[in-house]
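Engineer: have a look at this prediction, sequence included:
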Amino acid sequence: MRRRTILIIVSAVVAAVAIAAAAVWMNAVPYSETLAKCKTALAAQTKAGVKGKPSACEDVKEDDYSEIIVSNMIDGMSKKDRDMLDYYDNGTIDGSIG
(Lines give C-alpha, C1' and ligand atoms only; values in the text may rest on other atoms or scores of the structure.)
Protein backbone atom coordinates (compact mmCIF):
# COMPACT_ATOMS: atom_id res chain seq x y z
CA MET A 1 0.00 0.00 0.00
CA ARG A 2 1.03 3.48 -0.55
CA ARG A 3 1.67 5.87 2.26
CA ARG A 4 -1.22 8.12 1.27
CA THR A 5 -3.70 5.21 1.38
CA ILE A 6 -2.60 4.27 4.90
CA LEU A 7 -2.94 7.89 6.01
CA ILE A 8 -6.50 8.09 4.62
CA ILE A 9 -7.51 4.83 6.36
CA VAL A 10 -6.04 5.94 9.71
CA SER A 11 -7.72 9.34 9.42
CA ALA A 12 -11.09 7.71 8.70
CA VAL A 13 -10.75 5.40 11.71
CA VAL A 14 -9.77 8.29 14.01
CA ALA A 15 -12.73 10.35 12.77
CA ALA A 16 -15.13 7.43 13.31
CA VAL A 17 -13.86 6.89 16.86
CA ALA A 18 -14.17 10.62 17.62
CA ILE A 19 -17.75 10.72 16.31
CA ALA A 20 -18.68 7.62 18.33
CA ALA A 21 -17.13 9.07 21.50
CA ALA A 22 -18.99 12.35 21.00
CA ALA A 23 -22.29 10.50 20.53
CA VAL A 24 -21.77 8.49 23.73
CA TRP A 25 -20.78 11.60 25.68
CA MET A 26 -23.79 13.60 24.47
CA ASN A 27 -26.24 10.81 25.34
CA ALA A 28 -24.83 10.23 28.83
CA VAL A 29 -27.17 10.97 31.74
CA PRO A 30 -25.83 13.69 34.05
CA TYR A 31 -24.88 12.43 37.52
CA SER A 32 -27.15 15.03 39.15
CA GLU A 33 -30.11 13.51 37.28
CA THR A 34 -29.09 10.05 38.47
CA LEU A 35 -29.01 11.36 42.07
CA ALA A 36 -32.47 12.93 41.69
CA LYS A 37 -33.94 9.69 40.31
CA CYS A 38 -32.34 7.73 43.16
CA LYS A 39 -33.76 10.07 45.79
CA THR A 40 -37.24 9.84 44.26
CA ALA A 41 -37.08 6.05 44.00
CA LEU A 42 -35.82 5.68 47.57
CA ALA A 43 -38.59 7.93 48.93
CA ALA A 44 -41.25 5.95 47.06
CA GLN A 45 -39.76 2.67 48.21
CA THR A 46 -39.63 3.82 51.84
CA LYS A 47 -43.23 5.01 51.66
CA ALA A 48 -44.25 1.59 50.35
CA GLY A 49 -42.37 -0.10 53.20
CA VAL A 50 -39.90 -1.89 50.93
CA LYS A 51 -36.31 -2.28 52.09
CA GLY A 52 -33.11 -2.47 50.06
CA LYS A 53 -31.37 -0.40 47.43
CA PRO A 54 -33.60 0.65 44.51
CA SER A 55 -32.41 -0.18 41.01
CA ALA A 56 -32.38 3.56 40.21
CA CYS A 57 -29.52 3.92 42.72
CA GLU A 58 -27.17 1.35 41.17
CA ASP A 59 -24.97 3.99 39.48
CA VAL A 60 -24.81 6.24 42.56
CA LYS A 61 -21.54 6.41 44.52
CA GLU A 62 -21.71 4.85 47.98
CA ASP A 63 -21.05 8.14 49.81
CA ASP A 64 -23.78 9.91 47.86
CA TYR A 65 -26.19 7.01 48.48
CA SER A 66 -25.51 7.28 52.23
CA GLU A 67 -26.30 11.00 52.10
CA ILE A 68 -29.54 10.31 50.25
CA ILE A 69 -30.55 7.77 52.89
CA VAL A 70 -29.89 10.24 55.72
CA SER A 71 -31.71 13.00 53.85
CA ASN A 72 -34.65 10.66 53.28
CA MET A 73 -34.74 9.78 56.98
CA ILE A 74 -34.70 13.45 58.00
CA ASP A 75 -37.45 14.27 55.49
CA GLY A 76 -39.56 11.51 57.06
CA MET A 77 -39.22 12.94 60.57
CA SER A 78 -41.88 15.09 62.19
CA LYS A 79 -41.19 18.82 62.32
CA LYS A 80 -40.74 18.64 66.10
CA ASP A 81 -38.10 15.90 65.81
CA ARG A 82 -36.32 17.78 63.03
CA ASP A 83 -35.98 20.85 65.23
CA MET A 84 -33.94 18.81 67.71
CA LEU A 85 -31.26 18.32 65.06
CA ASP A 86 -30.32 21.99 65.37
CA TYR A 87 -29.06 21.62 68.95
CA TYR A 88 -25.44 20.92 69.81
CA ASP A 89 -23.99 20.26 73.22
CA ASN A 90 -20.22 20.13 73.58
CA GLY A 91 -20.45 18.61 77.09
CA THR A 92 -19.51 21.70 79.08
CA ILE A 93 -21.62 24.22 80.98
CA ASP A 94 -21.01 27.17 78.67
CA GLY A 95 -24.34 27.66 76.95
CA SER A 96 -23.41 25.55 73.94
CA ILE A 97 -26.97 24.22 73.64
CA GLY A 98 -29.05 26.32 71.34
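Structural biologist: Cool, got the structure.

Engineer: how far is the helix or strand hosting residue 15 from where the chain is centred?
Structural biologist: Here residue 15 sits within helix 3-27, counting by DSSP states H and E. On the basis of CA atoms, centre = their mean, to the nearest Å, helix 3-27 sits 32 Å off its chain's mean C-alpha point.

Engineer: just checking, which helix or strand of this protein averages the lowest pLDDT?
Structural biologist: The weakest-scoring helix or strand in the chain, judged by mean pLDDT, DSSP states H and E, is helix 79-83 (a mean of 65).

Engineer: hang on, the earlier thing: other SSEs contacting the helix holding residue 15?
Structural biologist: Judged by 3 or more CB pairs under 8 Å, 6 or more residues apart in numbering; DSSP states H and E, helix 3-27 has no packing partners among the helices and strands. For the C-beta atoms, the positions are set from N, CA and C on the backbone; glycine is no exception.

Engineer: contacts for that helix next, please.
Structural biologist: Applying CB atoms under 8 Å, 6 or more residues apart in numbering, helix 3-27 turns out to have no external contacts.

Engineer: tell me the buried residues in the following helix or strand past it?
Structural biologist: Counting by DSSP H and E, the next helix or strand C-terminal to helix 3-27 is helix 31-47. Neighbour-count burial for helix 31-47 flags 34, 35, 37, 38, 39, 41, 42, 43, 45, 46 (criterion: 16 or more other CB atoms under 10 Å).
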